[in-house]
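From the sequence below, what's the structure:
(chains A and B)
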Amino acid sequence: MTDAHAAVMESHWGGGAQPFGASWQKTMMWIFIVTDALLFSGLLCGYGYLRMASPVPWPETTRVFSIPFIALMTFILISSSATMGTAVTAARLGDGKKALSNLCLTIFGGLCFLGCQAYEWSHIIHEGARLTSNPWGAPQFGASFFVLTGFHGSHVFSGLVILSITAIRSALGKTPAQGVEMAGLYWHFVDLVWVFIFTLFYLLPS
Amino acid sequence: MSDAHGQHPYRVYWITWALLLVITLAMLAAESFHLPRIFLVVFLVAFMMVKAVMIGGNFMHLRFEKSNLGIMVLCGIMLTSLILFAYIAPEAKSVLEKTVR
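Next up, the predicted model:
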């Protein structure tokens, strides 16, 4: 009995005070990220359903969007993830200055991304895209686009709020390294979601 | 780029960044070749997964965490999504067949 118990405790699923080998804050952050990812998974599956079930051809995204512009948005987000990772490591190594400057760069990247998205939205609305109709093909295209990118954009926005609070607090010396790491996990998650939206919504051919 | 310990703690992020950019450019380039649709879809989805693993592993440090955290995240997200999609995809097809008919 005790041997079996010891074997379980030594395995990866041993549990104990830290079942995932991480602090409770980090564990809870990860559980939150999993649930938030499931939100996007539901949205992407819903989009897949609409696209597969549509009797009208799905619009060619290369005609609707400027793909180089979307690629630029991807570049901005990936770069901001790299600066965020640098900020997390700098904070862990106790280099507060580097952490703060990289946090500010990440915030700048996020603002650029949101600016691009605002431009893209106004452009596509100007071209005639609405939630229930659009000039290019299947009417469900509009709803899919606005819901997917809108939810993602709102996540970028809340990420920016978290990052700004973290940056201000770390400038005041009030944020522990773990605080930067938590904000970083969320920001990388936003980048991760964009990888899926970029491929499945913008690149997948009709 | 080296820290006080004489290592390169930031290098992993910038290598990942460069690889993510290369993969993204490869995906964009693949679009311009007129490959059969199925090849293109498989190629894009495969590299999407590679990018996701790189972001999760290197940026979010899952590679360096206890492995059950990674398993929890991977199963929690990917398995649930696959099951969801596996159930609704045939439904979408049958709806399409009914509307077209």
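
from here on, contacts and neighbour counts on C-alpha atoms
OK.

per-residue confidence averaged over stretch A:173-190?
What stretch A:173-190 shows for mean pLDDT is 96.

What is the neighbour count of the residue in chain A positioned nearest to chain B?
Residue of chain A nearest chain B, by C-alpha to the nearest C-alpha: A:Ala53 (4.5 Å). Neighbourhood size, A:Ala53 [other C-alpha atoms under 10 Å in any protein chain shown]: 21.

What distance do you get for it to B:Ala89?
9 Å (C-alpha to C-alpha, to the nearest Å).

and what of B:Glu97?
As judged by C-alpha to C-alpha, B:Glu97 and B:Ala89 stand 13 Å apart.

between those two, which one's more packed in?
Neighbours were counted for B:Glu97 and for B:Ala89 using other C-alpha under 10 Å; B:Ala89 has more, 18 against 13.

doesn't A:Ile165 make contact with A:Val180?
No. A:Val180 is beyond contact range of A:Ile165, at 10.1 Å (criterion: C-alpha atoms under 8 Å).

got any ranges where chain A has weak pLDDT?
A:1 (pLDDT under 70).

Nearest residue to the middle of chain B?
Chain B has B:Met49 as the residue nearest its centroid, 2.3 Å off, counting by C-alpha atoms, centre = their mean.

Can you name the element that comes right after the helix or strand where that one lies?
Using DSSP states H and E, B:Met49 sits within helix B:37-54. Once the chain leaves helix B:37-54, the next helix or strand it forms, by DSSP H and E, is helix B:67-74.

Least confident secondary structure element in chain B?
Lowest by mean pLDDT, DSSP states H and E among the helices and strands of chain B is helix B:67-74, with a mean of 92.

low pLDDT regions in chain B?
In chain B (pLDDT under 70), the answer is B:1-6.

how does it divide into domains?
Each domain of chain B is listed here as a residue range: B:1-64, B:66-101, per automatic domain parsing.

which one of those domains lies closest to chain A?
domain B:66-101 (4.5 Å).

now the domains of chain B in TSV, with distance to chain A?
Converted to TSV, the domains of chain B look like this (distance: least, C-alpha to the nearest C-alpha, whole Å):
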stretch	distance to chain A
domain B:1-64	5
domain B:66-101	5
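
Please tabulate those in JSON lines and include distance to A:Glu120 as additional columns.
Listed next are those as JSON lines, based on distance: least, C-alpha to C-alpha, whole Å:
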{"stretch": "domain B:1-64", "distance to A:Glu120": "19"}
{"stretch": "domain B:66-101", "distance to A:Glu120": "28"}
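
Which one of these lies nearest to A:Gly16?
Of all the domains of chain B, it is domain B:66-101 that lies closest to A:Gly16, at 13.3 Å by C-alpha to C-alpha.

Between the two ends of the closest one, how far is it?
53 Å.

what does stretch B:59-71 give?
17 Å.

tell me how far that stretch is from the chain's mean position?
Remark: stretch B:59-71 is offset 16 Å from the chain centroid, using C-alpha atoms, centre = their mean, to the nearest Å.

Residues contacting it, please?
Residues from elsewhere that reach stretch B:59-71, judged by C-alpha atoms under 8 Å, 6 or more residues apart in numbering or on different chains: A:12-13, A:20-22, A:81-82, A:85, A:184-185, A:188, B:13, B:56-57.

Mind listing what's buried along it?
Neighbour-count burial for stretch B:59-71, counted by 16 or more other C-alpha atoms under 10 Å in any protein chain shown, picks out B:59-60, B:62, B:68-70.

With distance to A:Gly137 added, can I get these in JSON lines?
As requested, these are arranged in JSON lines below (distance: C-alpha to C-alpha, whole Å):
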{"residue": "B:Phe59", "distance to A:Gly137": "38"}
{"residue": "B:Met60", "distance to A:Gly137": "38"}
{"residue": "B:Leu62", "distance to A:Gly137": "41"}
{"residue": "B:Asn68", "distance to A:Gly137": "45"}
{"residue": "B:Leu69", "distance to A:Gly137": "43"}
{"residue": "B:Gly70", "distance to A:Gly137": "40"}
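
Which members of the residues you listed are the farthest-apart pair?
B:Phe59 and B:Asn68 (17.8 Å).
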